[in-house]
Structures are given as C-alpha cells and as structure tokens.
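In: Requesting a structural model of the entry that follows:
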Amino acid sequence: EVHVVESGGGLVQAGGSLRLSCAASGFTFGRYDIGWFRRAPGKAREGVACISRGEGSEDSPYYAHSVKGRFTISRDNAKNTADLQMNSLKPEDTAVYYCAAGRSISCRVVSVYDGSWGQGTQVTVSS
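Out: Numbers count the residues shown, from 1 in each chain. All right, here's what the predicted structure looks like:
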C-alpha cells in the first residue's frame with residue numbers, strides 16, 4: 001500500500017525558509033512520481049512542484065509559476081524521501097501542503113494516478 005507522510009511545516013516570517021519532507025513506504029519509491037500540492041483557505045488545491053520517477057522527462061521538475069525560483073523539489077530514492085525546500089516565503093504561500101506519490105502525477109491539472117496522498121502539513125507565513 002502506497003503511504004506517504006509529510007513533516008516540516010510550521011510558522012515562519014515572510015522572507016524565511018522552510019523545508020518539507022515526505023517519507024514514503026509500502027511501494028518501490030523510485031518507480032513513482034512525486035508531487036507537492038497545497039490548498040490555501042478558500043482556494044482550490046494547486047500543484048506546487050512535481051518530479052518524475054525517471055530522468056529525461058522534459059517537464060520534470062515542474063514548478064508552479066508562483067513558486068518558481070523560490071522552491072526546489074528533490075528526491076532521494078535510496079532513502080524513500082522527497083523534500084520541498086521553500087525559500088523567500090510570502091504570506092500567500094500560507095496553505096496546507098500535501099505530498100503525493102503516484103504512477104503518474106500532474107501538477108498542472110492536480111491529478112494523482114494510482115497512488116496516495118499524505119495528510120498534509122500546515123505552513124503559515126506571517127507578514
């Protein structure tokens with residue numbers, strides 16, 4: 001069973017940094033795409049950053065326009081983990097952040113095929 005758990009959320013001032021981690025279990029991590037998504041209050045869930053399971057994908061890693069240049073997604077297949085380094089945080093980055101693992105993931109259309117979502121971790125950026 002695909003299982004992912006997020007950690008690393010918290011409260012930070014604008015301009016600060018946070019690093020979110022996603023720990024995976026129950027599946028062959030290296031064969032799954034990984035995505036970070038977020039849902040801000042009153043807004044729909046959006047894809048923040050996605051990274052494919054293999055190299056050579058033209059669209060990997062993918063970043064939402066709003067976070068490009070500030071966020072970095074990475075994965076360590078040996079440790080079954082994926083991280084999201086978030087720098088220069090803004091109040092508009094405040095949201096619940098979710099990690100997802102799937103056979104196919106799209107940040108653009110917020111889809112996770114044959115996988116699982118974590119429970120989410122709260123990130124709050126104060127102005």
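In: Run through the neighbouring helices and strands of the strand of greatest length in the chain.
Out: Taking residue count as the measure and DSSP state E as the definition, the longest strand of the chain comes out as strand 95-106. Packing contacts for strand 95-106, counted by 3 or more CB pairs under 8 Å, 6 or more residues apart in numbering; DSSP states H and E, involve strand 3-7, strand 18-25, strand 33-39, strand 46-51, strand 111-117, strand 121-126. The C-beta positions use only the backbone N, C-alpha and C, and glycine is treated the same way.
In: In CSV: those, plus mean pLDDT and distance to Asp59.
Out: What follows is the helices and strands packed on strand 95-106, written out as CSV (pLDDT from 0 to 100; distance: least, CB to CB, whole Å):
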stretch, mean pLDDT, distance to Asp59
strand 3-7, 96, 21
strand 18-25, 97, 20
strand 33-39, 97, 11
strand 46-51, 97, 8
strand 111-117, 94, 14
strand 121-126, 98, 25
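In: What I need now is those strands written out in JSON lines, including distance to Lys68 for each item.
Out: Shown next, in JSON lines, are those (distance: least, CB to CB, whole Å):
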{"stretch": "strand 3-7", "distance to Lys68": "21"}
{"stretch": "strand 18-25", "distance to Lys68": "17"}
{"stretch": "strand 33-39", "distance to Lys68": "13"}
{"stretch": "strand 46-51", "distance to Lys68": "9"}
{"stretch": "strand 111-117", "distance to Lys68": "20"}
{"stretch": "strand 121-126", "distance to Lys68": "17"}
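In: Burial-wise, tell me which of those strands comes out on top.
Out: By mean neighbour count, with neighbours taken as mean count of other CB atoms under 10 Å, strand 33-39 ranks first of the helices and strands packed on strand 95-106 at a mean of 25.
In: What is that one packed up against?
Out: The criterion is 3+ CB pairs under 8 Å, 6+ apart, and the helices and strands that strand 33-39 contacts are strand 18-25, strand 46-51, strand 71-76, strand 81-86, strand 95-106.
In: As CSV, those strands with distance to His3 would be great.
Out: Written out in CSV, the entries for the helices and strands packed on strand 33-39 read as follows (distance: least, CB to CB, whole Å):
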stretch, distance to His3
strand 18-25, 5
strand 46-51, 18
strand 71-76, 16
strand 81-86, 13
strand 95-106, 9
